[in-house]
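>>> Quick check, what structure comes out for this input:
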Amino acid sequence: MAELHVGDKAPEFKLPDGDGKLISLSDFKGKKVVLYFYPKDDTSGCTKEACSFQENLTRLKRKGAVLLGVSADSQASHQKFASKYELSFPLISDEKKELINKYGVWKEKSMYGRKYMGIERTTFIIGEEGRITHIFPKVKVDGHTEEVLAAISQ
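Got it, this is the predicted structure:
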């Protein structure tokens, strides 16, 4: 998969959220979309990121943005994660990694010297016309929500 850049048309998708509802990018035409990819439900960094976005969801919505989280976890895992932390935005289940690969976030990672494949925490902001306006690769959770809010205000 070719790497995506700012200005590229955002790849379309149609995948289920934790409740089994099919979500597609075209559902949000005319709105800004914050599409964030995270490694795994209910892990420390991913929980901190999701809760930070949830705490600021009203601010995101006020700026005309929709928030969508994506991981390779199952619908059941997403449902449990969303329920546990009272997340009120869709978590998209991409078990076959179709969307993850389209957006180029399935990368070789390294932890304690061991190499493995996984999702690189990345956020894309997609403008009202369906083009990528911002890409945040290798996201550091602390302060990320503020970065996203600043970017969608531009």
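>>> drop to CA atoms for contacts and neighbour counts, all remaining ones
OK.
>>> tell me the SS of the residue most central in space within the chain?
Central residue check for the chain by Cα atoms, centre = their mean: the C-alpha nearest the mean position is that of Y36, 1.6 Å away. On the three-state scheme (DSSP: H, G, I helix; E, B strand; the rest coil), Y36 is labelled strand.
>>> Leaving out sequence neighbours, find the closest residue to it.
Leaving aside its sequence neighbours, Y36 sits nearest to T123 (Cα to Cα, 6 or more residues apart in numbering; 4.2 Å).
>>> and the one you found, that one's in a strand?
Yes: membership of T123 in a strand is supported by three-state DSSP.
>>> thinking again about what came up before, kindly provide the distance from the residue nearest to the centre of the chain to F136.
9 Å (Cα to Cα, to the nearest Å).
>>> packing partners for the worst-scoring helix or strand of the chain on mean pLDDT?
Of all helical and strand segments in the chain, the minimum by mean pLDDT, DSSP states H and E falls on strand 106-111, at a mean of 88. The helices and strands touching strand 106-111, judged by 3 or more Cα pairs under 8 Å, 6 or more residues apart in numbering; DSSP states H and E, are strand 114-119.
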